[in-house]
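1. Build me a model:
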Amino acid sequence: MTLSLSRRAALWGERPAVIDTSEGRRYSYAQLDSLADRFARKLAGLGVESGDRIALLARDRTEVLALVFAARRVGCALAFLSPYRSKSEIADLVSRLDPRLVLHEEAESDRLWKVRSTTNFGELADTEGDEYDPEESTVDPWLLFQSPDGADSTVYTYSATSAEWNCIAGLTAWGLGRSRVANLASLFRTDGLLVGVLPALYAGGTVLLHRAFRPDPALELIERHDATHVYGTPLEFDRLTGAEGFSMANFASVEAFYSSVPLPAELHDAYLVADHPVGRLFGTPAVPHLLAFPPGRGDVLEKGESVGRPVLDCEVRINEDRLEARGPVVAEGTLDEAFEGWVETGVRARCDDDGDYWIEDDN
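-> Sure, this is the predicted structure:
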């Protein structure tokens, strides 16, 4: 099965695909597919063609997911602009990308004042749509992500094929089915979309979205909507424990918490007290699904800082203390070069006698 929203809409129709808690609205697979088609027509109406790039600056909202699939349908690449970058950095990235169109939600307008021409969501909605030739099977690259590290300007490129393999890796690592996944990581991050969202849609599950992370509303999201899986970075997990409602939170529906990297021991202890050890789904911007440590392993306490073992279809090796990977889950490359063979992850690591990997401090 390919990563096609239209096929999922045909299969699962009225099943909920997204619950947008900021809007207080549910979108079925059929509704999300319809929104993606509408946006594809709007993009075509703005002159976007196969092979073009469009850049997007927005917080986490359903329109972002619809644009992910709309871009694929018209055959263009979608590049995510981080709302956490400075105005100058955003302008520099737009210059490097040279997109046909820069889209943004109205609330982010001031961050684009150095960019010459932009289109906000309201203007997109007012655009007269046009016909387009579906290019779902040929678009390459499809998704472009800048490193979340503020000191790194590298942009990684993903095709529909590598995105789909990350979905498959997510299914096996998470054990996803008709799950309700609360994604706490921002969609502009590689892992926010390719780990926290698309695998759930691939499996026919439901994604729980909120516009921007705030701890108490996030706890409410998990409880009210019976989240079965929760994914985030240590920052989100730390802020959750500091929330006023954490000590009284009901995590009965949650089958697994997963962090992008191991939590500090004192932070992990807070989730152990709640009877929910936090697993690890470790990756990098070049390899979103790299290593996994399920929270249900019997040695989760003994190996509290291990990032586990390679995910399905990802080969891993250590070369001069550096972790390298290859396989279909790896990005196609960067804006400047295509990856071939073993890819340097930029991470120092070691492997113990059980085959579990541990991340080493560079200092």
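
2. Give me the buried positions along the strand or helix carrying Arg38.
-> Arg38 is located in helix 29-45, with elements delineated by DSSP states H and E. Residues of helix 29-45 classed as buried by neighbour count (16 or more other Cβ atoms under 10 Å): 29-37, 39-44. Heads up, the C-betas are built off the backbone N, CA and C, glycines and all.

3. ok, then the element right after it?
-> Using DSSP H and E, the next helix or strand after helix 29-45 towards the C-terminus is strand 53-57.

4. name the helices or strands packed onto that next one?
-> Judged by 3 or more Cβ pairs under 8 Å, 6 or more residues apart in numbering; DSSP states H and E, strand 53-57 is in contact with helix 62-74, strand 77-80, helix 87-97, strand 101-104.

5. try 6 Å
-> In this structure, strand 53-57 makes packing contacts with strand 77-80, helix 87-97, strand 101-104, judged by 3 or more Cβ pairs under 6 Å, 6 or more residues apart in numbering; DSSP states H and E.

6. average pLDDT across that strand?
-> Per-residue pLDDT values across strand 53-57 average out to 97.

7. Export only the CA atoms of the helix holding Arg38, formatted as CSV.
-> Output in CSV follows, covering the C-alpha atoms of helix 29-45 (Å, rounded to 0.1, in the frame of the first residue of the first chain):
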residue,chain,number,x,y,z
TYR,A,29,-10.2,10.6,6.0
ALA,A,30,-12.7,11.6,3.3
GLN,A,31,-12.7,15.2,4.6
LEU,A,32,-8.9,15.4,4.8
ASP,A,33,-8.7,14.0,1.2
SER,A,34,-11.3,16.6,0.0
LEU,A,35,-9.3,19.4,1.6
ALA,A,36,-6.1,18.1,0.0
ASP,A,37,-7.8,18.0,-3.4
ARG,A,38,-9.1,21.6,-2.9
PHE,A,39,-5.6,22.8,-2.0
ALA,A,40,-4.1,21.0,-5.0
ARG,A,41,-6.5,22.9,-7.2
LYS,A,42,-5.7,26.2,-5.5
LEU,A,43,-2.0,25.6,-6.0
ALA,A,44,-2.6,24.9,-9.6
GLY,A,45,-4.6,28.1,-9.8
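
8. Between helix 62-74 and it, find me the angle.
-> Following axes from the mean of the first three to the mean of the last three Cα atoms, to 10 degrees, one obtains 60 degrees for the angle between helix 29-45 and helix 62-74.

9. what helices or strands is helix 29-45 leaning on?
-> Under the contact criterion of 3+ Cβ pairs under 6 Å, 6+ apart, the helices and strands touching helix 29-45 comprise helix 5-12, helix 62-74.

10. again, 10 Å this time
-> Using 3 or more Cβ pairs under 10 Å, 6 or more residues apart in numbering; DSSP states H and E, the elements in contact with helix 29-45 are helix 5-12, strand 16-20, strand 25-28, helix 62-74, strand 101-104, helix 121-126.

11. and Asp133, which of the ones you listed is closest to it?
-> Judged by Cβ to Cβ, the one of the helices and strands packed on helix 29-45 that comes nearest to Asp133 is helix 62-74, at 8.1 Å.

12. for the record, mean pLDDT for that closest one?
-> Averaged across helix 62-74, pLDDT comes to 96.

13. quick check: angle from that helix to strand 53-57?
-> 180 degrees.

14. and helix 62-74, how far from the chain's centre?
-> 14 Å (Cα atoms, centre = their mean, to the nearest Å).

15. That one: which residues count as buried?
-> Neighbour-count burial for helix 62-74 flags 62-74 (criterion: 16+ other Cβ under 10 Å).

16. tell me which element Gly308 is part of?
-> Assignment of secondary structure by DSSP H and E places Gly308 within strand 306-310.

17. Against which helices or strands is that strand packed?
-> Looks like strand 306-310 contacts strand 278-284, strand 287-293, strand 315-319, strand 343-351, strand 357-359 (3+ Cβ pairs under 10 Å, 6+ apart).

18. which of those strands sits most buried?
-> The highest average neighbour count among the helices and strands packed on strand 306-310, using mean count of other Cβ atoms under 10 Å, belongs to strand 287-293 at a mean of 28.

19. looking only at pLDDT, what's the mean for that one?
-> Averaging pLDDT along strand 287-293 yields 95.

20. From Thr172, how far off is His268?
-> For His268, the distance to Thr172 under the criterion Cβ to Cβ, to the nearest Å works out to 24 Å.

21. Compare those two and say which is more crowded by neighbours.
-> Legend: neighbour count by other Cβ atoms under 10 Å for His268 and Thr172, higher for His268 (22 against 14).

22. What helix or strand is the more buried one located in?
-> helix 265-273.

23. Before we go further, Asp133 is sitting in a strand, right?
-> No. The assignment for Asp133 by DSSP: H, G, I helix; E, B strand; the rest coil gives coil, which leaves it out of any strand.

24. residues touching Trp12, list them.
-> With contacts defined as Cβ atoms under 10 Å, 6 or more residues apart in numbering, the neighbours of Trp12 are 28-30, 33, 178, 201, 204-205.

25. Leu187 against Leu57, yeah?
-> No. At 11.3 Å, Leu187 does not count as touching Leu57 under the criterion of Cβ atoms under 10 Å.

26. Mind checking which of those two has more residues around it?
-> For the pair Leu187 and Leu57, the greater number of neighbours falls to Leu57 (26 against 23), based on other Cβ under 10 Å.

27. In the sheet, which residues pair with that one? Tell me.
-> Beta-bridge partners of Leu57, counted by DSSP bridges, are His104.

28. For Thr2, state which of the buried residues of helix 62-74 is nearest.
-> Compare each of those with Thr2 using Cβ to Cβ and the shortest gap goes to Arg72, at 10.5 Å.
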